[in-house]
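Asker: Here is a sequence with its predicted model. Questions after.
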Amino acid sequence: MVQIFLDTASLSEIEEFTKWGIADGVTTNQKIFLSEGGVDFKKRVMDICNLVNGPVSVETTKSTVPELIVEGREYASWHGNVVVKVAMFGDGRGLQVVNQLARSGIKTNMTVMMTYNQLMLAAKAGATYVSLFYNRSKESGEDPVQIIRDYVATAKEQGIPAKLIVGSIRTPEDVATAMAAGAHVMTIPSKILRQMPFSKRSEETIAEFDKAWQDFLAAAKARPV
Ligand code: E4P
């Protein structure tokens, strides 16, 4: 079954969707933390990890391979739920970081990927998760739906363990399309998740059935004993 991760660092949003019973994990990045204002980074990561019974992706921010490895090891030491996010830099340095972290048993999520080739390289390097940025990939002229289908098929055929996370979601329709294409994991912003249970026709149908029930109760009450 597809997994759903929450693309947020907000504790109240995580609590909200945990109650729905649909949250399998959390993904964060620098922009998501910026939208939380001046929170204490480590404390917030720990709080998220303690709220979620699943993987919590925390993104590295440094530039060089040694710095990224130190940063990744540090985040991984904070909590067993932490998955270290590493960007797919164009010169391959992120792959080196993922490989080193994976060799020392640290779970990684290779991120900001737009193409099938990037996903395959990340999987080869030992990433636990490979993240495709659905809308940013589309904006760069790629076909993210085909990439999802191709990666999922290759992973199945070749026994590749890296799970595909699809992020950069802008609409409920993006979620439906990516899930139907076979994404292993969808990471979804709260604004989009809140729209997903809604259909105008469902609301109309609920109102129609409510009215019928009131009419039934009235008829039952009026029936001579
Ligand atoms: C998730 O891992 C990504 O960081 C996130 O979905 C990116 O989304 P954006 O394209 O809206 O920044």
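Answerer: Received the coordinates, thanks.
Asker: Tell me which residues of the host helix or strand of Ile147 come out buried.
Answerer: Using DSSP states H and E, the element containing Ile147 is helix 144-158. Neighbour counts over helix 144-158 (16 or more other Cβ atoms under 10 Å) mark Pro144, Val145, Ile147, Ile148, Arg149, Asp150, Tyr151, Val152, Ala155 as buried. C-betas here are computed from N, CA, C, even on glycine.
Asker: Specify which member of the residues you listed is nearest to Thr177.
Answerer: The shortest gap between Thr177 and any of these belongs to Val145, at 6.0 Å (Cβ to Cβ).
Asker: just to revisit the earlier point, wait, which of the buried residues of helix 144-158 is closest to the ligand?
Answerer: Proximity of the buried residues of helix 144-158 to the ligand, judged by Cβ to the nearest ligand atom, is greatest for Pro144, which lies at 11.6 Å.
Asker: So for that closest one, what's the pLDDT?
Answerer: Looking at Pro144, its pLDDT stands at 98.
Asker: try the one 5 residues further on
Answerer: The predicted structure scores Arg149 at 98 on the pLDDT scale.
Asker: what does Arg223 give?
Answerer: 87.
Asker: can you give me phi and psi for the residue in the chain positioned nearest to the ligand?
Answerer: Ranking the residues of the chain by distance to the ligand (Cβ to the nearest ligand atom) places Gly167 first, at 2.7 Å. Note on Gly167: backbone dihedrals following degrees, to the nearest 10 are phi -120, psi -160.
Asker: can you list contacts of stretch 48-56?
Answerer: 5-6, 9, 11, 14-15, 18, 23-28, 45, 78-83, 107, 109, 129 (Cβ atoms under 8 Å, 6 or more residues apart in numbering).
Asker: quick revisit: okay, and the beta partners of the residue of the chain closest to the ligand?
Answerer: Partner residues in beta bridges with Gly167: Phe133, with DSSP bridges as the criterion.
Asker: Just the buried ones from the contacts of stretch 48-56, in ChimeraX syntax?
Answerer: For selection in ChimeraX, the members of those meeting the burial criterion (16+ other Cβ under 10 Å) are listed in this command:
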select :5,6,9,14,23,24,25,26,27,28,45,81,82,83,107,109,129
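Asker: among the contacts of stretch 48-56, which are in strands?
Answerer: The strands in this structure, assigned by DSSP state E, contain Phe5, Leu6, Gly25, Val26, Thr27, Val82, Val83, Asn109, Tyr129 from the contacts of stretch 48-56.
Asker: so the third one touches Asp7, yeah?
Answerer: To tie it back to what came earlier, the one meant is Gly25. No - between Gly25 and Asp7 no contact is recorded; they are 10.2 Å apart, counting by Cβ atoms under 8 Å.
Asker: all helices in the protein, in order from the N-terminus.
Answerer: Shown for the chain, the helices assigned by DSSP state H span residues 11-20, 30-34, 41-51, 65-78, 93-103, 116-125, 134-139, 144-158, 172-180, 190-195, 200-222.
Asker: what's in contact with the longest one?
Answerer: Helix 200-222 has contacts (Cβ under 8 Å, 6+ apart) with no other residue.
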